[in-house]
Every structure is written in structure tokens, then in C-alpha cells.
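Engineer: predicted structure and sequence below. I'll ask about it afterward.
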Amino acid sequence: MSGKLTKLKIVAFEDAEFKTMIGSDEASTFTMQMNPETYSFTVSTINCKPEVGANSSPNDKALKPDLKNLELNFYLDSTGVVPGCTSVPDSLDKFHKICTEVNGAIHTANYLKVYWGEGLAFPCRLKSVTVDYLMFKPDGEPVRVQVKAKLQEFVDAATNAKAENTNSPDMTHIKTIRAGDNLPALCQQVYGDTSLYIQVAEYNNILNFKQLIPGTEIHFPRMRK
């Protein structure tokens, strides 16, 4: 055990595969001035459409326990008591640029990864942040703040599909409509049952299943047996 101090870092990426940082190492990385004393994980639930069955409605929503949330509480202090921060406003600006602002190149907030030594490498996006202002200069400039950040786990579509084994007939399928496709035939491909086309049409809010528009994506949900 080396005893070397390792600072917790939040690194910003432009892609969901976490391969391309938003700029140089310095521009892409927010390094904690002071490591958090603790961090915590919770599991959230996300809204998703339920399985389709005789007693379900396409407008119903089910809660699916899925994503982890990481909660970090840390301080920024430019009083000189702890080195590493010469300006609290500048440090906050960098945090917001990396974690909260929309990246014009990708038209959304950055993809983030939280690193702390070898014990933590958490792919995520910022869910919420609260900044408590604790100490000020006579002119009102903040010199100490507490930042409470909640970051939600991010899993890219390919990884999520692999984890859920979407090749299984029991899982939801998505098909892109091509010229000549019809819903009963597609239901036969997915479920082995043409009669389920009405439920699939209701699930996708399709008013005229006889005139499917090429290029449209149709979801084929799991069906209760």
C-alpha cells in the first residue's frame, strides 16, 4: 500500500462509449480539491412500458429498478486553509462546464466518468446538483461552498441490449418498417403468432395498421403467456 494521495476526478466525454474526451486532459477533468469523506450508491427506478396482457393498457407505466445513483458531497475552499483552489467561482464554473452545461458538439450534456484510484470507475451523467454557499469575502465573493452532486449511472444501448439478451423472444424487439411490411407478418416473425397485431398496434399508438410508413420504428413488447 503506497499511501499516495489520489484525488477523485470527474472526466467528461463526448461519446456514449467513453472513448473521446471533450478536450485536453485538463479541460476534460474536474479534480476534487478535497476528497469526499464518504460516497453512497442508491438504486433508482425508471418508468418503462409494461408487458402487454389482457389486463394492461398501453398507457400504463411500470417501475423497473435499474440504474445506480452516486451521491457525492464535497467542498471547495479558497481561503488558503487547504491548497488547490484559488477561486471558488472559477472552480464552480469548471464543474458546471464539465458536468451540467450542454455540449454544443453533441447537443446534450457530457457523458461522465467518476474515478477514484482503483476502487471507483463509474460511468454516469449528472442528475442534480446543489451548491451551499458557506463563507464569503467582504465584497460577497464566495470562498467556501459545499457541493452535493447526484450522478445517475449511464449504460449505452449496445451494452444494455447485451445485458438484457434482447435476442430472446421474451424481450422487447424494435423493427424498422420497410416497404411491403405488414403488422401480422411481423408479429409472426417476433412472436410466432399473427393474432397479436392488435395489441402491438395499441402499444405503438398505430391507428391504421394496414398502412405502415417505411422508416417507422415499431416496438414489439414482451407478451404475457
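Structural biologist: Here it is on my side, so go on.

Engineer: other SSEs contacting the lengthiest helix in the chain?
Structural biologist: Among the segments of the chain that qualify as a helix by DSSP state H, the longest is helix 88-99. Packed against helix 88-99 by the contact rule (3 or more Cβ pairs under 8 Å, 6 or more residues apart in numbering; DSSP states H and E) you find strand 9-13, strand 29-31, strand 62-77, strand 120-136, strand 142-153. Using the backbone N, CA and C atoms, a C-beta is placed for each residue, glycine as well.

Engineer: how many neighbouring residues does Asp156 have?
Structural biologist: 14 (other Cβ atoms under 10 Å).

Engineer: touching, it and Ala16? I think so.
Structural biologist: Yes: the pair Asp156 / Ala16 is scored as a contact, 4.2 Å apart, by Cβ atoms under 8 Å.

Engineer: residues contacting the residue positioned nearest the centre of the chain?
Structural biologist: For the chain, the residue sitting closest to the mean C-alpha position, by Cα atoms, centre = their mean, is Phe154 at 3.7 Å. If you count contacts by Cβ atoms under 8 Å, 6 or more residues apart in numbering, Phe154 has them with 16, 111-112, 123-125.

Engineer: Gly117 and Leu183: what is the separation?
Structural biologist: Distance of Gly117 to Leu183, computed by Cβ to Cβ, to the nearest Å: 53 Å.

Engineer: more neighbours: which of the two?
Structural biologist: A count of neighbours by other Cβ under 10 Å puts Leu183 above the other of Gly117 and Leu183, at 21 against 13.

Engineer: tell me the helix or strand right after the least confident helix or strand in the chain by mean pLDDT.
Structural biologist: Sorting the helices and strands of the chain by mean pLDDT, DSSP states H and E puts helix 157-164 at the bottom, at a mean of 58. Following helix 157-164 in sequence order, the next helix or strand is strand 173-176 (DSSP states H and E).

Engineer: what helices or strands is that following strand leaning on?
Structural biologist: helix 183-191, strand 217-220.

Engineer: and Pro83, which of these is closest to it?
Structural biologist: Nearest to Pro83 among those is strand 217-220; the distance by Cβ to Cβ comes to 53.2 Å.

Engineer: and the closest one, what's buried?
Structural biologist: For strand 217-220, burial by neighbour count (16 or more other Cβ atoms under 10 Å) applies to 218, 220.

Engineer: helices or strands up against it?
Structural biologist: By 3+ Cβ pairs under 8 Å, 6+ apart, strand 217-220 packs against strand 173-176, helix 183-191, helix 197-203.

Engineer: if you compare those, which one is most tucked away?
Structural biologist: Highest mean neighbour count of the helices and strands packed on strand 217-220: helix 197-203, a mean of 19 (counted as mean count of other Cβ atoms under 10 Å).

Engineer: which other helices and strands contact that helix?
Structural biologist: For helix 197-203, the packing partners by 3+ Cβ pairs under 8 Å, 6+ apart are helix 183-191, strand 217-220.

Engineer: of all these, which lies closest to Glu37?
Structural biologist: strand 217-220 (44.7 Å).

Engineer: name every strand pairing with the closest one and say which way it goes.
Structural biologist: The pairing partners recorded for strand 217-220 under DSSP bridges are strand 173-176 (antiparallel).

Engineer: that older thread, quick one: closest of the helices and strands packed on strand 173-176 to Leu67.
Structural biologist: Nearest of those (Cβ to Cβ): strand 217-220, 20.3 Å.
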